[in-house]
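A.B. asks: Got a predicted model here, sequence first, then my questions.
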Amino acid sequence: MTIITILFAITVTLLLNIIFVRKIQNKTYKICMGSINFILSLAFIALFISIGIVKNHLNSFIDSGINQLELRVNEIYPGALEKQMSTEEIKDLLEQSLEKKDVDGIEALAENVIKTRIEKYTSITLKTINALERENNKLSVKDALISIKELSLDTVSPYYKIINILLFVLYIVLVIVSILITIYLSKDKDSTNEGIIFGEEADKTFIGMKTE
């Protein structure tokens, strides 16, 4: 996905400069618009990659948080990981095992996501979990932690999709604006470079006079 996005931005930049920017007569305007299109694509690619990095870090923190929670449960309640329980019992056990600690940034966000999923972990959630070996509508804490991890990741995934969609929409809008500005500059006759007059026209022109 990242490679496709980078290729998309590069292709858009090339098309903008080849189809539209090259029609601008004024060299200064041409260089400015070409540079703007290039910077626009670089900014878009950088933001897209940054969002992906944040997503990977958050997923890693969620994974790490679940693993630490599993260790704490095993330390406080030995054997509880394999014991079959109801979701209410599991929820109470996990809430007691989840230590309160002061964390900032993305790690705090990951822990809050895990806490939220644990608080919402009820018998209704159990019925929606597939491919888990359970007896009498019960499951082990270990199985519950696996499902909570999946639910936590599913919770944050839609936000990344929304952010990426908004980023693409913003990029397309800016590309359209760039096209409109470029078309305007290419049609502006006053934007052409007049330069220095040479040859016969220069001989016919008196000092202080302007040729038509």
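C.D. replies: That came through fine.

A.B. asks: which residues of the chain fall in strands?
C.D. replies: Taking DSSP state E to define them, one finds strands in the chain at 84-85, 139-140.

A.B. asks: Now tell me which of those strands the model trusts least on average.
C.D. replies: Here the lowest mean pLDDT among the strands of the chain goes to strand 139-140, at a mean of 73.

A.B. asks: gap between that strand and the chain center?
C.D. replies: 36 Å (C-alpha atoms, centre = their mean, to the nearest Å).

A.B. asks: Val175 versus Thr182, what's the distance?
C.D. replies: In this view, Thr182 and Val175 are 10 Å apart by C-beta to C-beta, to the nearest Å. C-beta coordinates here come from the backbone N, C-alpha and C atoms, glycine included.

A.B. asks: any shared contact partners between the two?
C.D. replies: In terms of C-beta atoms under 8 Å, 6 or more residues apart in numbering, Thr182 and Val175 are both contacted by the residues Leu16.

A.B. asks: neighbours of Tyr159, just the number please.
C.D. replies: Neighbour count for Tyr159, taken as other C-beta atoms under 10 Å: 12.

A.B. asks: What of Thr13?
C.D. replies: For Thr13, the tally of surrounding residues (other C-beta under 10 Å) stands at 21.

A.B. asks: can I assume it is in contact with Asn37?
C.D. replies: Yes. With contact defined as C-beta atoms under 8 Å, Thr13 counts as touching Asn37 (5.1 Å).
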